[in-house]
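**Q** 3D model of this:
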Amino acid sequence: MSENPESGTAIKTAFHDVTAAQGGSHYEEGGWTWLEGFGDLAKEYSALRDDVAVWDVSPLNKWEFRGPDALRAAQRGFSNDAVGLAVGQARYGAFLDADGLMVDDGTVFNTGSDDHCWVMTNGRDHEQYFGELASGLDVEFEWVTQSMPHLGVTGPRSREVVSKLTDEDLEALRYFRFIPRPVKVAGVDVHLSRTGYGGELGFELFLVDPSDAETLWNAIVGAGVTPIGTEAIEVARIEAGLIVTSYEYEPHERTPFDVGLDRMVRLDQGLGFTGEDALRAVAANPPHRFVTLRYEADELPEYGAVVTKDGQEVGVLTSPTDSPRFGQIGLAVIETGHATLGGTLDVALDVAASDETVRATVDVLPVYDTEKRRPRS
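**A** Numbers count the residues shown, from 1 in each chain. Next up, the predicted model:
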């Protein structure tokens, strides 16, 4: 199933063999072997947006915090309200350093059992960071990613399909809530959460026993769910305005306000998270805004391309894509004064050279489902 994460060999997820046998292509990134797709991007994208799709999200880093101060430890670095989570509730936010700059973004789950919670992040190398947060508290933490492989079942019909595979009442499960005990889905034990990635109604299924991976995958695909990979997810997440570390930001370089996480920074509750005072000053007058850019070009600008106005650098195109529904679009971090809806900017086509550009127009964020009603449906 896997290799030692310290060995330098990419880890294969518990779903790798069954997805490879069914025609999935894979690639290595960040120490993991990711499922890229099944060779038909248009079909996979359509399933995600109009029907129901399943993908292997196992490389998402998962941490277990155990002890009476588990939520307090997570709160010390978390911009959203962790200590106020109800049992079976999750919240998304930024993990911060003392200057209010993002170390990572992720989600805290209050499991409510044995004084412990789950923390899920993009990055892996957080032992020192979490150790500093936990200093002086009665808590231990452990990286548990390999013991919690999981799938995302996403799309308008996801509730309908997953409901047929479990006896649980999914109509009653609210957005960003999960069932705080193992439940049966397709006859195997999972932790079932109404969370996901891609801007649609969705559920995440975290395996209790990784050896059940093939059984769970085959049951979901056998229920008429289209298997997809990160190629389709990448298009969807740009449409939905969702961020990824190393694309929208590098650790210790941007505040949550730079990447559109304003609502996830709770400065009104006195939570006392690290960097809170620094962010109060930024919140009063954020220097950058996160926007969608629309453009038309013979070739897509590159990730990280410079954005200019009258020849002066005013931002960066963090993530470009060619959307089946919206054409050529991209996410961008722009100086606030140039982030006006309908404003025009220029985007370099090449990261290494800015002499060849394409004209771009500032659009709403996200460009897809701007009010974010679909995940809550």
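**Q** Doesn't residue 283 lie inside a helix?
**A** Yes. Using DSSP: H, G, I helix; E, B strand; the rest coil, the assignment for residue 283 is a helix.
**Q** ok, it touching residue 267?
**A** Yes. With contact defined as Cβ atoms under 8 Å, residue 283 reaches residue 267; the gap is 6.1 Å. Every C-beta, even on glycine, is put in place using the N, C-alpha and C of the backbone.
**Q** And the strands in the stretch 1-150 of the chain?
**A** 11-12, 25-29, 32-37, 53-56, 61-66, 90-96, 102-110, 116-121, 140-143, 150-154 (DSSP state E, counting those that start in this stretch).
**Q** Would you format those as JSON lines with mean neighbour count, distance to residue 164 and mean pLDDT included?
**A** Putting the strands of the stretch 1-150 of the chain into JSON lines (neighbours: other Cβ atoms under 10 Å; distance: least, Cβ to Cβ, whole Å; pLDDT from 0 to 100) gives the following:
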{"stretch": "strand 11-12", "mean neighbour count": "18", "distance to residue 164": "30", "mean pLDDT": "96"}
{"stretch": "strand 25-29", "mean neighbour count": "14", "distance to residue 164": "29", "mean pLDDT": "96"}
{"stretch": "strand 32-37", "mean neighbour count": "23", "distance to residue 164": "24", "mean pLDDT": "98"}
{"stretch": "strand 53-56", "mean neighbour count": "28", "distance to residue 164": "14", "mean pLDDT": "98"}
{"stretch": "strand 61-66", "mean neighbour count": "21", "distance to residue 164": "27", "mean pLDDT": "97"}
{"stretch": "strand 90-96", "mean neighbour count": "24", "distance to residue 164": "24", "mean pLDDT": "98"}
{"stretch": "strand 102-110", "mean neighbour count": "24", "distance to residue 164": "25", "mean pLDDT": "98"}
{"stretch": "strand 116-121", "mean neighbour count": "24", "distance to residue 164": "27", "mean pLDDT": "96"}
{"stretch": "strand 140-143", "mean neighbour count": "16", "distance to residue 164": "34", "mean pLDDT": "97"}
{"stretch": "strand 150-154", "mean neighbour count": "26", "distance to residue 164": "12", "mean pLDDT": "98"}
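**Q** Distance to residue 201 added to these, as a markdown table?
**A** As requested, those are arranged in a markdown table below (distance: least, Cβ to Cβ, whole Å):
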| stretch | distance to residue 201 |
| --- | --- |
| strand 11-12 | 29 |
| strand 25-29 | 27 |
| strand 32-37 | 21 |
| strand 53-56 | 11 |
| strand 61-66 | 23 |
| strand 90-96 | 16 |
| strand 102-110 | 17 |
| strand 116-121 | 20 |
| strand 140-143 | 30 |
| strand 150-154 | 7 |
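**Q** looking at those, which is closest to residue 302?
**A** strand 25-29 (17.0 Å; Cβ to Cβ).
**Q** what's the offset of that closest one from the middle of its chain?
**A** Its chain's C-alpha centre and that of strand 25-29 lie 18 Å apart, by Cα atoms, centre = their mean, to the nearest Å.
**Q** Need the CA coordinates for it. CSV is fine.
**A** The C-alpha trace of strand 25-29 is given here as CSV (Å, rounded to 0.1, in the frame of the first residue of the first chain):
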residue,chain,number,x,y,z
SER,A,25,-3.2,7.2,-14.8
HIS,A,26,-1.1,8.4,-11.9
TYR,A,27,1.7,10.9,-11.2
GLU,A,28,4.0,11.7,-8.3
GLU,A,29,3.8,15.0,-6.4
